[in-house]
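*Asks:* Mind looking at a prediction? Sequence and model below.
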Amino acid sequence: MFDDPASLMNVLLRWGHIVFGIIWIGHLYFFNLVNVPFQGDLAKELKPQVNPKLLLRAFYWFRWGAMYTFLFGILLFGYKYFHQKLFFDADGGVSNRALWMLFGGLLGTIMWFNVWFVIWPRQKLILGGLAAGTPHPDAAALAATAGKASRFNTYASGPMLFGMIVPNNYAGWPAVGMLVAIILGAGFWFGLIKRSFKIKTVV
Ligand code: HEM
């Protein structure tokens, strides 16, 4: 048992990466598929009572999920592509597998940046103001910017996940197939977001 430390390392890093990825992206989908339509339904006078208590919890898991997914992702990237030397082909060029990884990793990194530097700083002001009983005067503008970044992340998550799973499962998928991944991945989320506004809240 455990006579293959390199494979064990891969499993442990992937386990951490995927567990935190689920925590992060699960909350992203909660915000976009559940919370956006819910906020449209929720009476304005209830927001100060409901939103800080619900959403500050959700944002805790969301932002720290993003941070640890990113850190495990960087470790995996270093381990697989440099320690295990998958970055370059035998002829010295960047491998097709690495191109897919750069595609997924770049999208994931932009999403991580959006969480920490666009969405959370604004939500902190909005929800902090609500919790303190002094709503932020620019709350609507802050929410609009945070909302756009959150929508972007939802659309980007589709192609990003292709970039995560293609390298290890279909490294020969030609790089032009990234266009297909963008269309399929973002199209899927276009459909689900539309659907989210039609979910009935009666049984
Ligand atoms: C934030 C930036 C991210 C970076 C830098 C990153 C990096 C990586 C790397 C280097 C791999 C290994 C790929 C290979 O074996 O060739 C990987 C795999 C993977 N990542 Fe990410 N990742 C990021 C975000 C995410 C997110 C948000 C998720 C969502 C759940 C995710 C899910 C996965 C999955 C499912 C795999 C496949 C594991 C396997 O095939 O065994 N990643 N990632």
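*Replies:* Thanks, I have the structure now.

*Asks:* contacts and neighbour counts: CA atoms only from here.
*Replies:* Fine.

*Asks:* would you list every one of the strands in this protein?
*Replies:* Read by DSSP state E, the chain holds no strands at all.

*Asks:* So the one residue sitting closest to the centre of it versus the ligand, what's the distance?
*Replies:* For the chain, Ile25 is the residue whose C-alpha lies nearest the centre (CA atoms, centre = their mean; 4.6 Å). Distance of Ile25 to the ligand, computed by CA to the nearest ligand atom, to the nearest Å: 6 Å.

*Asks:* Get me the contact residues on the protein for the ligand.
*Replies:* Counting by CA under 6 Å from any ligand atom, the chain comes close to the ligand at 14, 18, 21-22, 69-70, 73-74, 76-77, 105, 108-109, 112, 164-165, 167-168.

*Asks:* In ChimeraX, how would I select just the buried ones from those residues?
*Replies:* Buried residues within the residues of the chain next to the ligand, by 16 or more other CA atoms under 10 Å, are selected in ChimeraX with:
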select :14,18,21,69,70,73,74,76,77,105,108,109,112,164,167
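
*Asks:* residues in contact with Leu127?
*Replies:* Going by CA atoms under 8 Å, 6 or more residues apart in numbering, Leu127 touches Asn51, Pro52, Leu55, Leu56.

*Asks:* Kindly report the same for Leu71.
*Replies:* Counting by CA under 8 Å, 6+ apart, Leu71 makes contact with nothing.

*Asks:* any idea where the helices of this protein begin and end?
*Replies:* Remark: helices assigned in the chain by DSSP state H are 5-29, 36-41, 47-77, 96-113, 120-132, 139-169, 177-196.

*Asks:* right, so the ones you listed: which one is the most enclosed?
*Replies:* helix 96-113 (a mean of 20; mean count of other CA atoms under 10 Å).

*Asks:* hang on, the earlier thing: will you turn the helices of the chain into CSV that also has mean pLDDT?
*Replies:* Converted to CSV, those look like this (pLDDT from 0 to 100):
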stretch, mean pLDDT
helix 5-29, 98
helix 36-41, 97
helix 47-77, 98
helix 96-113, 98
helix 120-132, 97
helix 139-169, 98
helix 177-196, 98
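
*Asks:* now these as JSON lines including distance to His83?
*Replies:* Formatted as JSON lines, the helices of the chain follow (distance: least, CA to CA, whole Å):
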{"stretch": "helix 5-29", "distance to His83": "10"}
{"stretch": "helix 36-41", "distance to His83": "43"}
{"stretch": "helix 47-77", "distance to His83": "9"}
{"stretch": "helix 96-113", "distance to His83": "13"}
{"stretch": "helix 120-132", "distance to His83": "34"}
{"stretch": "helix 139-169", "distance to His83": "16"}
{"stretch": "helix 177-196", "distance to His83": "26"}
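
*Asks:* So which of the contacts of Leu127 is the closest to Val202?
*Replies:* Asn51 (22.0 Å; CA to CA).

*Asks:* Can you tell me how far that closest one is from Phe152?
*Replies:* Separation of Asn51 from Phe152 (CA to CA, to the nearest Å) stands at 22 Å.

*Asks:* again with Val118
*Replies:* For Val118 relative to Phe152 (CA to CA), the value is 12 Å.
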